[in-house]
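Visitor: this one's structure only:
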């Protein structure tokens with residue numbers, strides 16, 4: 001039997017044999033009946049000890065078999081029991097480890113699916129401008145192409161290159177945020193200065209669309225965060241609002257502070273977001289029904305990631321035909 005091949009069991013048998021022999025010898029020194037009683041009692045104790053040890057070995061073999069199944073990827077095992085003792089504690093701890101492995105495995109599976117979907121989306125986003133660029137490059141090779149068309153195609157080619165550059169840059173920023181390697185400073189940030197810096201690159205496009213911009217808030221409103229990354233987030237939100245607001249529309253940015261949080265609200269008078277799209281607007285690569293042809297679907301996702309990493313939150317309220325309002329809160333205390 002493999003049970004008796006164990007060195008631990010062999011040592012136990014030797015120890016029990018010696019104990020039985022000593023007890024029997026001591027009993028026979030007194031009289032025969034005492035010796036027989038001592039021998040019988042020692043043998044009974046030895047038998048119980050061996051049976052208990054054999055039971056423990058069977059339980060350990062079961063645990064070993066379960067460990068092999070877990071190592072093979074079977075995380076559905078539940079080895080817990082309702083008994084007490086060292087083995088029960090070991091089973092409980094093994095179950096906890098199994099549950100953790102199952103959770104990690106599921107998380108890894110989801111990350112793989114997400115990575116696969118992201119790669120497919122990135123491939124699609126790059127393929128569209130690259131196809132357009134190849135077509136224009138072929139047209140530009142025509143020596144008889146009129147100069148006006150040549151300038152037009154060259155301008156379109158440059159626009160597509162700028163789009164690819166922006167896409168790659170945004171994806172790199174997102175990857176830094178996802179990996180947690182983007183360093184977020186914790187400095188006092190003046191909200192008025194932050195908003196003015198964020199709207200600056202959008203003033204000319206807004207002027208071309210004859211859109212009105214309103215800024216309203218106190219001078220001494222601050223929050224603790226990273227001015228550079230937060231500016232990036234606000235630019236993406238403002239750009240989204242500007243693009244979905246028709247000519248002659250209005251954008252309004254307001255801010256205020258209280259003992260709990262600092263709030264920035266960005267509102268537009270655009271077309272609004274359909275009800276079925278609203279829960280997904282912060283999802284990476286999501287393009288709703290009203291998305292523009294050149295929309296990639298990462299601007300709002302990046303903005304939310306930046307805000308969340310600064311103890312903040314962002315929500316959106318929208319009514320088709322009436323516009324959309326983004327509410328950003330940077331909390332001064334953990335809530």
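Guide: Nice, I can see it. Since the model is a prediction, treat every value here as computed from it, not as a measurement.

Visitor: please make it C-alpha for all contacts and neighbour counts, starting now.
Guide: Noted.

Visitor: tell me where the stretch 51-200 of the chain has strands.
Guide: Along the stretch 51-200 of the chain, counting by DSSP state E, counting those that start in this stretch, strands occupy 187-190.

Visitor: residue ranges in it under the pLDDT threshold?
Guide: 51-57, 59, 63-64, 66-68, 70-92, 95, 114-122, 124-125, 128 (pLDDT under 70).

Visitor: show me the helices in it, by range?
Guide: Assigned by DSSP state H, counting those that start in this stretch, the helices in the stretch 51-200 of the chain fall at 86-140, 147-179, 191-199.

Visitor: what's the last one in contact with?
Guide: Taking contacts as Cα atoms under 8 Å, 6 or more residues apart in numbering, the residues outside helix 191-199 that touch it are 217-219, 221-223, 227, 230-232, 234-235, 238, 253, 255.

Visitor: narrow those to those in strands?
Guide: Taking DSSP state E as the definition of strands, the contacts of helix 191-199 contribute 217, 222, 223, 253, 255.

Visitor: how far away is the first one from residue 269?
Guide: In this structure, residue 217 lies at 19 Å from residue 269, with Cα to Cα, to the nearest Å as the measure.

Visitor: more neighbours: these two, which one.
Guide: Set residue 217 next to residue 269 and count neighbours by other Cα atoms under 10 Å: residue 269 wins out with 23 against 14.

Visitor: thinking again about what came up before, widest-spaced pair of the ones in strands among the contacts of helix 191-199?
Guide: Farthest-apart pair in the ones in strands among the contacts of helix 191-199 is 223 and 253; separation 16.3 Å (Cα to Cα).

Visitor: would you map the helices across the stretch 201-335 of the chain?
Guide: Under DSSP H, counting those that start in this stretch, the stretch 201-335 of the chain gives helices at 203-208, 227-243, 299-308.

Visitor: which of the ones you listed sits closest to residue 106?
Guide: Of all these, helix 299-308 sits nearest to residue 106, with 22.5 Å by Cα to Cα.

Visitor: what is the mean pLDDT for the closest one?
Guide: For helix 299-308, the mean per-residue pLDDT is 89.

Visitor: what packs against that helix?
Guide: helix 147-179, helix 227-243, strand 312-319 (3 or more Cα pairs under 8 Å, 6 or more residues apart in numbering; DSSP states H and E).

Visitor: got TSV for those, with distance to residue 112 and mean neighbour count too?
Guide: Shown next, in TSV, are the helices and strands packed on helix 299-308 (distance: least, Cα to Cα, whole Å; neighbours: other Cα atoms under 10 Å):
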stretch	distance to residue 112	mean neighbour count
helix 147-179	14	14
helix 227-243	27	20
strand 312-319	27	17
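
Visitor: as CSV, the ones you listed with distance to residue 260 would be great.
Guide: Shown next, in CSV, are those (distance: least, Cα to Cα, whole Å):
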stretch, distance to residue 260
helix 147-179, 26
helix 227-243, 19
strand 312-319, 11
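
Visitor: nearest to residue 102, of the ones you listed?
Guide: Taking Cα to Cα, helix 147-179 is the member of the helices and strands packed on helix 299-308 nearest to residue 102, at 22.3 Å.

Visitor: the closest one vs helix 299-308, what angle?
Guide: 30 degrees (axes from the mean of the first three to the mean of the last three Cα atoms, to 10 degrees).

Visitor: okay, and the beta partners of the residue lying closest to residue 264 once chain neighbours are set aside?
Guide: Excluding the flanking residues, the one nearest residue 264 by Cα to Cα, 6 or more residues apart in numbering is residue 255, at 4.4 Å. Beta-bridge partners recorded for residue 255 (DSSP bridges): residue 217, residue 264.

Visitor: what is the neighbour count of residue 255?
Guide: 22.

Visitor: now do it against residue 299, distance only.
Guide: Taking Cα to Cα as the measure, residue 255 falls 21 Å from residue 299.

Visitor: dump the residue contacts of the nearest residue to residue 220 once chain neighbours are set aside.
Guide: Nearest residue to residue 220 in three dimensions, chain neighbours excluded: residue 190, at 7.0 Å (Cα to Cα, 6+ apart). The neighbours of residue 190, taking Cα under 8 Å, 6+ apart as the test, are 219, 220, 221, 222, 223.

Visitor: do residue 140 as well
Guide: For residue 140, counting by Cα under 8 Å, 6+ apart, the contacting residues are 150, 153.

Visitor: distance of it from residue 155?
Guide: For residue 140, the distance to residue 155 - Cα to Cα - is 12 Å.

Visitor: and what of residue 219?
Guide: From residue 219 to residue 155 the distance is 42 Å (Cα to Cα).

Visitor: quick revisit: residue 265: which of the helices of the stretch 201-335 of the chain is closest?
Guide: Of all the helices of the stretch 201-335 of the chain, the one in closest proximity to residue 265, counting by Cα to Cα, is helix 227-243 (10.3 Å).

Visitor: beta-bridge partners for residue 325, please?
Guide: residue 267, residue 317.

Visitor: I figured it was touching residue 264, is that so?
Guide: No. Counting by Cα atoms under 8 Å, residue 264 is not a contact partner of residue 325; they are 10.3 Å apart.

Visitor: state the mean pLDDT of stretch 265-276.
Guide: The model assigns stretch 265-276 a mean pLDDT of 90.
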